[in-house]
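Peer 1: no sequence for this one, just the structure:
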């Protein structure tokens, strides 16, 4: 029987490092000392110098291995470890005893499997499950688990699960529902736990790595996940195997329970999903392909997937570097040039999409990076405005398509517009007078108006994919076109005075209605003007708004030169995107 063990994790890890350093010193000096002793011959006056040195190295090595085994086992038994003392009762006195028992318990499992492959009866399978049950109570010891699996080998281990799955329809490819998996865990659960525990402790050989994943059916792999508590690394290996299959392999002939297992596992471990999306560029496209997640045949699956994406990608989740990389790959997958999210058979599927809403809700902290990408396109000489790494690698067109894909859902579109408005107001452009004598003040106006124009461009480009009525679309575009002049609200129309605020809101609404009428007339073919003509009228209206507002608040009148600067601010940053949006919609 084992012993009661108590260990301070921090102290134990420090001792392991010190013993490793001692082994390194002895390893580097051993050959030199041995050579010196041999050269001295009979004149050497020491007693058993070489043997003592070897014993010292062995003491470090054996103690280090024993301490690591104890730490590995405790981590399996006490997963919520803090910084204090960990304690538990061990099943075995030593790592060697654990490994010996693992090998011994594997033998009857292998023999029962051999008999079942001959008899293939209910009774022979009952003997298999009785043999696997012997492992219960010992699986927290990773040395035991590793020895059990190594003795069985990957082929026999896989065969056990395949025999269980064989009479369950398309389970090899599509997996099994939760109820069936719970039943299976009562018999094969110990083997699944052994695999997860040995893998987590890094004790499985190479034969259990890539080749095992590649040659094992997806249904077997997801059963292993469902019956155990896999490490983040193991969960992501299984996910890549399942999601990397061709879409045709998951045709909707039956429910795809493999995806359900993955989503439930990621719900318990959102950090794993964040890491998967960050480290594997293709994974986001695989996971978020509509043919995959809309045709699982599983009730409310899209809502479940939206929930785990929400956990993995929400602001502040995990470390920022991993989260940034995950978002870049999500944007790249959804906004790809040939994205299935845009157009084609899936367009209407995203008009009421919990996934679109979750992504729109959580991408808002990155609007600054996306706006900077758009500003870089319109003002390439303004290098201080360039997005910081890793966002500098994002193609602005990809970002626009991503936003457009989300905007097919009205709730998501409203969330993006609200966040963009808050971002623009938050820039507080009114701090900077566009015609101030101070160079820095003028530069501040240009920089901040470029960012306001950038986020407006992002929404304009995305709006071309929205499936809305003409009236809704005109209202949206008019709202977007007022974003870059929101600085007037802060500078000239203070909001702490209710009367002033009411007047400001009325003037803003009036100005927005004028723009909306321009757009609506164009879309309804009520005007002979082209998209180019309408865009020019809108830009002119924005310029006039600024000029009239400055005059109303008794600011210094603008010269012709100043008016041209204001006009170019709008036309240079928004004109092309506005024309493209109107042409696509009008066409």
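Peer 2: Looks like it arrived, so ask away. Because the structure is predicted, anything quoted here is derived from the model rather than measured.

Peer 1: Any buried residues in the helix or strand that residue 302 is a member of, and which?
Peer 2: Take DSSP states H and E as the rule and residue 302 turns out to sit in helix 301-313. Residues of helix 301-313 classed as buried: 301, 302, 304, 305, 306, 307, 308, 309, 310, 311, 312, 313 (neighbour count, 16 or more other Cβ atoms under 10 Å). All C-beta atoms are positioned from the backbone trio N, CA, C, and that covers glycine.

Peer 1: which residue sits closest to the last one, ignoring its sequence neighbours?
Peer 2: On the basis of Cβ to Cβ, 6 or more residues apart in numbering, the spatially nearest residue to residue 313 that is not a chain neighbour turns out to be residue 362, at 4.7 Å.

Peer 1: what number of residues lie near residue 35?
Peer 2: Other residues within reach of residue 35 by the criterion other Cβ atoms under 10 Å amount to 10.

Peer 1: what residues are up against it?
Peer 2: Counting by Cβ atoms under 8 Å, 6 or more residues apart in numbering, residue 35 makes contact with nothing.

Peer 1: Report the rounded mean pLDDT for whichever helix or strand it is part of.
Peer 2: When elements are defined using DSSP H and E, residue 35 is found to belong to helix 9-40. Summarised as a single mean, pLDDT over helix 9-40 is 66.

Peer 1: In this structure residue 448 contacts residue 432, no?
Peer 2: Yes: using Cβ atoms under 8 Å, residue 448 is in contact with residue 432, at 6.3 Å.

Peer 1: pretty sure residue 401 contacts residue 337?
Peer 2: Yes: applying Cβ under 8 Å as the test, residue 401 and residue 337 come out as touching, 7.4 Å apart.

Peer 1: start to end distance for stretch 136-150?
Peer 2: From the first residue to the last, stretch 136-150 extends over 17 Å; the measure is Cα to Cα, to the nearest Å.

Peer 1: all strands in the stretch 301-450 of the chain, in order from the N-terminus.
Peer 2: Secondary structure of the stretch 301-450 of the chain by DSSP state E, counting those that start in this stretch: no strands are present.

Peer 1: what about the helices in it?
Peer 2: For the stretch 301-450 of the chain, applying DSSP state H, counting those that start in this stretch gives helices covering 301-313, 320-334, 354-363, 367-378, 396-406, 410-426, 439-463.

Peer 1: got these as JSON lines, with mean pLDDT and distance to residue 189 columns?
Peer 2: Formatted as JSON lines, those follow (pLDDT from 0 to 100; distance: least, Cβ to Cβ, whole Å):
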{"stretch": "helix 301-313", "mean pLDDT": "96", "distance to residue 189": "23"}
{"stretch": "helix 320-334", "mean pLDDT": "96", "distance to residue 189": "32"}
{"stretch": "helix 354-363", "mean pLDDT": "96", "distance to residue 189": "32"}
{"stretch": "helix 367-378", "mean pLDDT": "90", "distance to residue 189": "45"}
{"stretch": "helix 396-406", "mean pLDDT": "91", "distance to residue 189": "41"}
{"stretch": "helix 410-426", "mean pLDDT": "84", "distance to residue 189": "41"}
{"stretch": "helix 439-463", "mean pLDDT": "80", "distance to residue 189": "48"}
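
Peer 1: could I get those helices as JSON lines with distance to residue 290?
Peer 2: Supplementary listing: the helices of the stretch 301-450 of the chain in JSON lines, determined by distance: least, Cβ to Cβ, whole Å:
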{"stretch": "helix 301-313", "distance to residue 290": "9"}
{"stretch": "helix 320-334", "distance to residue 290": "10"}
{"stretch": "helix 354-363", "distance to residue 290": "9"}
{"stretch": "helix 367-378", "distance to residue 290": "23"}
{"stretch": "helix 396-406", "distance to residue 290": "10"}
{"stretch": "helix 410-426", "distance to residue 290": "15"}
{"stretch": "helix 439-463", "distance to residue 290": "18"}
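
Peer 1: Quick check: which of those helices is nearest to residue 221?
Peer 2: Nearest of the helices of the stretch 301-450 of the chain to residue 221, taken as Cβ to Cβ: helix 301-313 at 18.5 Å.

Peer 1: and the angle for that closest one with helix 320-334?
Peer 2: Following axes from the mean of the first three to the mean of the last three Cα atoms, to 10 degrees, one obtains 150 degrees for the angle between helix 301-313 and helix 320-334.

Peer 1: Quick one: residues contacting residue 451.
Peer 2: If you count contacts by Cβ under 8 Å, 6+ apart, residue 451 has them with 368, 371, 372, 375, 385, 427.

Peer 1: most neighbours, which of those residues?
Peer 2: Busiest of those [other Cβ under 10 Å] is residue 371, holding 28 neighbours.

Peer 1: Residue 459 is in contact with that one, correct?
Peer 2: No: at 10.0 Å, residue 371 and residue 459 do not qualify as touching, with contact defined as Cβ under 8 Å.

Peer 1: Looking at residue 401 and residue 337, which one has more neighbours?
Peer 2: When residue 401 and residue 337 are compared on other Cβ under 10 Å, the one with more neighbours turns out to be residue 401, at 24 against 9.

Peer 1: Not counting sequence-adjacent ones, nearest residue to that one?
Peer 2: Counting by Cβ to Cβ, 6+ apart, the nearest residue to residue 401 once its immediate chain neighbours are dropped is residue 335, at 3.8 Å.

Peer 1: so how far is residue 200 from the one you found?
Peer 2: In this view, residue 335 and residue 200 are 36 Å apart by Cβ to Cβ, to the nearest Å.
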